[in-house]
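J.: I would like the atomic coordinates for the input below:
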Amino acid sequence: MKNQLAGTGALLRLALRRDRVMMPVWTLVTTLMVVSMPGSLGSVYATAAERARAAASMNANSSMRALYGPVFDDSLGALTAWRGGVYAAVLAAVMSLIVVVRHTREEEETGRQELLSAAMVGRRAPLTAALLAALVANACVALLVAGGLAGQGAPGAVALGLAVAATGMLFACTAAIAAQLTEGARAAKGITAAVLGAAFVLKAAGDAGTEGGRSALTWASPLGWVENVRAFAAERWWVLLLFAAAVTVQAGAAYALAGRRDLGMSFLPSRPGPAEGRLGTAGALAWRLQRGSVLGWSAGFLIAGVVFGGMADGAADLVGDNDRTREIIERMGGQSGSGAQGALTDAFLATMAGMFGMVAALYAVSAVLRLGGEESGGRAEPLLANAVGRLRWAGGHLAVAFGGSALILLLAGIGLGLGHGREPGAAIGATLAQLPAVWLIGALAALLYGAVPQYAAAAWAVAGGALALGWVGPALNLPQAVLNLSPFAHLPRLPGAQALDPAPLLALTALAVALTAAGLGALRRRDMIA
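T.: This is a model prediction of the structure:
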């Protein structure tokens, strides 16, 4: 076993060096989302009586329980755990799955691991180094969360930090298993993301049906364990043992699988496709490569739309007469006028439409950067050596990226309309209005890939920044000038806008077209990666 771990230290140092930007940024964003909550919640609920009334209202509202979970205490610390604990855990899980897949399956897929394995590197060293890198990142999250919330109560701060970090490590191990099962990094990420999405759905369904986090569905989800740690509310330290057991079992399974396969192979081999017929064009090949991702995102957006649409009226009831909460929703989703429930419901739906748009930008970046994966993996070279030109090849993937964005937002709008039960056309219009901003971020990714492919991953930072500004910025009362850095801040806020101004939509679309054209022009002129 010792020989199988040879070189782990060197691989860990390499992983930390390669992720020296991504890990700190992701860690700080996750931490800031949590530690900023007491201040923003304190401005919304300034007195203990207001917090007690809010907690009672939230626990009585099944829509809010599904979205955020139950409230176990009315202190600022407990409200912070309620509002940000599960979502911080989701961010930690996403960070962890990216880190583990990047340093395991992605290394094999690109052929770099074969070169490293020619030296004194043990069979299980890459997996061990990847899990240790994820452990370092999650330990930093735990320390920063615990330190940032210590003023609200040290035991609760430590409990919440450990729960968030433990969730990250649990899904790091899930990603490690997926990396052994599949031949491609994208498939491994997709499987792990699907497990994470299923965990959120289970938690939401359990919390919506039963108060106090007692549902069997809630306990079946690791995200349900996060809320049942009950940070700042008579902490249940024993729940952390569930994380420890799950991490141990999954890590053991990943190590067992890693020892039973050859380098580059998997337990679920990809299916060879036909070389003619529907794959006779570059566009058809791009669709074949990305259709699984498109269909997965489509199903997720449709389901999420139905869930959030069903919450709209309940969210308006919860806001009640709280002016600060109404102000936050208005800044995120548009004006609610005099505060009538119908207008506030429109503002909530506009907020959800904006969130769908910002998340769809992540899909667009992922789909565009598939070009880089095909190029660095050596799969683009055989195509381009034939009659397929660079523009046709890239254009096929860009068509899937931009067309797929439109499809998933259309389905999100249909879901919102079905869930809300009224005016489905307005909900569809609200989600489709996000397309110009989504396309703009996708076009920026295309420009970076075409001009400076070594920095194309910076498009993730742009999409993540837009998501952070749109979700956290209004609650932190950031200046409008800062919020305007996101292209989504310039879109009409539908439904409920007084008048639809097409100028921002046209301007953002035109800019997206220009950036895409510039990216294709740069791709046509530069050398391909050898």
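J.: ok, which stretches of the stretch 301-450 of the chain are helices?
T.: Here the stretch 301-450 of the chain has its helices, by DSSP state H, counting those that start in this stretch, at 323-333, 341-368, 370-376, 380-384, 390-420, 424-432, 435-451.
J.: which of those helices has the lowest average pLDDT?
T.: Note on the helices of the stretch 301-450 of the chain: helix 323-333 shows the lowest mean pLDDT, a mean of 54.
J.: from what I see, residue 425 and residue 417 are in contact.
T.: Yes - with contact defined as C-beta atoms under 8 Å, residue 425 reaches residue 417; the gap is 7.3 Å. (Each C-beta comes from the backbone N, C-alpha and C, glycine too.)
J.: and the helices of the stretch 301-450 of the chain as CSV, adding mean neighbour count?
T.: Converted to CSV, the helices of the stretch 301-450 of the chain look like this (neighbours: other C-beta atoms under 10 Å):
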stretch, mean neighbour count
helix 323-333, 19
helix 341-368, 25
helix 370-376, 19
helix 380-384, 15
helix 390-420, 22
helix 424-432, 22
helix 435-451, 26
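J.: of all the ones you listed, which one is nearest residue 164?
T.: Within the helices of the stretch 301-450 of the chain, the stretch nearest residue 164 is helix 341-368; the backing value is 20.4 Å (C-beta to C-beta).
J.: for that closest one, packing partners?
T.: Other helices and strands packing on helix 341-368, by 3 or more C-beta pairs under 8 Å, 6 or more residues apart in numbering; DSSP states H and E, are helix 282-319, helix 323-333, helix 390-420, helix 424-432, helix 435-451, helix 458-471.
J.: residue 46 is nearest to which of those helices?
T.: Among the helices and strands packed on helix 341-368, the nearest to residue 46 by C-beta to C-beta is helix 323-333 (8.5 Å).
J.: quick one: least confident helix or strand in the protein?
T.: helix 323-333 (a mean of 54; mean pLDDT, DSSP states H and E).
J.: so the residue nearest to residue 144 when sequence neighbours are not counted, which state does it fall into?
T.: Computed as C-beta to C-beta, 6 or more residues apart in numbering, the closest residue to residue 144 that is not its neighbour in sequence is residue 31, at 4.1 Å. At residue 31 the chain is in helix, as set by DSSP: H, G, I helix; E, B strand; the rest coil.
J.: can you pull the pLDDT of residue 31?
T.: 88.
J.: picking that back up, may I see the helices and strands packed on helix 341-368 arranged in JSON lines, with distance to residue 142 as well?
T.: As requested, the helices and strands packed on helix 341-368 are exported to JSON lines (distance: least, C-beta to C-beta, whole Å):
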{"stretch": "helix 282-319", "distance to residue 142": "28"}
{"stretch": "helix 323-333", "distance to residue 142": "28"}
{"stretch": "helix 390-420", "distance to residue 142": "34"}
{"stretch": "helix 424-432", "distance to residue 142": "36"}
{"stretch": "helix 435-451", "distance to residue 142": "31"}
{"stretch": "helix 458-471", "distance to residue 142": "21"}
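J.: can you say which of those is nearest to residue 71?
T.: helix 282-319 (11.7 Å).
J.: which strands or helices does that closest one pack on?
T.: Contacts defined by 3+ C-beta pairs under 8 Å, 6+ apart place helix 282-319 against helix 62-68, helix 185-209, helix 323-333, helix 341-368, helix 370-376, helix 390-420, helix 424-432.
J.: roughly how far is the last one from the heart of the chain?
T.: For helix 424-432, the separation from the chain centroid amounts to 23 Å (computed by C-alpha atoms, centre = their mean, to the nearest Å).
J.: does residue 399 touch residue 290 like I think?
T.: No - using C-beta under 8 Å as the test, residue 399 is too far from residue 290 to be in contact (10.1 Å).
J.: please determine how far the spatially closest residue to residue 402 that is not a sequence neighbour is located from residue 487.
T.: Closest residue to residue 402 apart from its sequence neighbours, by C-beta to C-beta, 6+ apart: residue 439 at 5.7 Å. Going from residue 439 to residue 487 by C-beta to C-beta, to the nearest Å gives 9 Å.
J.: which neighbours do the two share?
T.: Residues touching both residue 439 and residue 487 (C-beta atoms under 8 Å, 6 or more residues apart in numbering) are residue 508.
J.: contact partners for residue 410?
T.: Residue 410 neighbours (C-beta under 8 Å, 6+ apart): 428, 431, 432.
J.: equivalent analysis for residue 170, please.
T.: Residues in contact with residue 170 (C-beta under 8 Å, 6+ apart) are 93, 222, 243, 246, 247, 250.
J.: now with 10 Å?
T.: Contacts here follow C-beta atoms under 10 Å, 6 or more residues apart in numbering; on that basis residue 170 touches 89, 92-93, 96, 138, 195-196, 199, 222-223, 225, 242-247, 250-251.
J.: try residue 204
T.: Here residue 204 is in contact with 63, 65-69, 86, 217-218, 221, 223-224, 304, 307, 311 (C-beta under 10 Å, 6+ apart).
J.: again with residue 294
T.: 287, 363, 367, 400, 401, 403, 404, 405, 407, 408.
J.: make a markdown table from those and add distance to residue 445 to it.
T.: Converted to a markdown table, the contacts of residue 294 look like this (distance: C-beta to C-beta, whole Å):
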| residue | distance to residue 445 |
| --- | --- |
| 287 | 19 |
| 363 | 11 |
| 367 | 9 |
| 400 | 13 |
| 401 | 8 |
| 403 | 15 |
| 404 | 13 |
| 405 | 12 |
| 407 | 18 |
| 408 | 16 |
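J.: okay, now the unreliable bits of the stretch 151-300 of the chain?
T.: For the stretch 151-300 of the chain, the stretches flagged by pLDDT under 70 are 262-280.
J.: how about 80 then?
T.: 183-187, 208-209, 211-213, 259-282 (pLDDT under 80).
J.: chain center to stretch 36-46, what's the gap?
T.: On the basis of C-alpha atoms, centre = their mean, stretch 36-46 sits 25 Å off its chain's mean C-alpha point.
J.: okay, buried residues for that stretch please.
T.: Neighbour counts over stretch 36-46 (16 or more other C-beta atoms under 10 Å) mark 36, 37, 38, 40, 41, 44, 45 as buried.
J.: what about the first one, distance to residue 76?
T.: As for residue 36, its distance to residue 76 is 12 Å (criterion: C-beta to C-beta).
J.: now do the same contact list for the residue nearest to residue 415 when sequence neighbours are not counted.
T.: Spatially, and ignoring its direct neighbours in sequence, residue 415 is nearest to residue 305 (2.1 Å; C-beta to C-beta, 6+ apart). Residue 305 is in contact with 352-353, 356, 408-420, 427-428, 431, counting by C-beta under 10 Å, 6+ apart.
J.: among the contacts of residue 410, which one lies nearest to residue 102?
T.: residue 431 (31.2 Å).
J.: does that closest one touch residue 416 like I think?
T.: Yes - the criterion here is C-beta atoms under 10 Å, and residue 431 meets it with residue 416 at 6.8 Å.
J.: name the residues contacting each of the two.
T.: 301, 305, 349, 352, 353, 356.
J.: you'd agree the third one is up against residue 308?
T.: Yes - checked against C-beta under 10 Å, the pair residue 349 and residue 308 is within contact range at 8.2 Å.
J.: which neighbours do the two share?
T.: Common neighbours of residue 349 and residue 308 (C-beta under 10 Å, 6+ apart) are 315, 416, 419, 420, 427.
J.: so how far is residue 312 from the third one?
T.: What that stands for is residue 419. According to C-beta to C-beta, residue 419 stands 8 Å off from residue 312.
J.: name the residues contacting each of those two.
T.: Common neighbours of residue 419 and residue 312 (C-beta under 10 Å, 6+ apart) are 349, 352, 427.
J.: can you tell me the closest non-neighbouring residue to residue 99?
T.: Using C-beta to C-beta, 6+ apart, the nearest residue to residue 99 is residue 134, at 4.8 Å.
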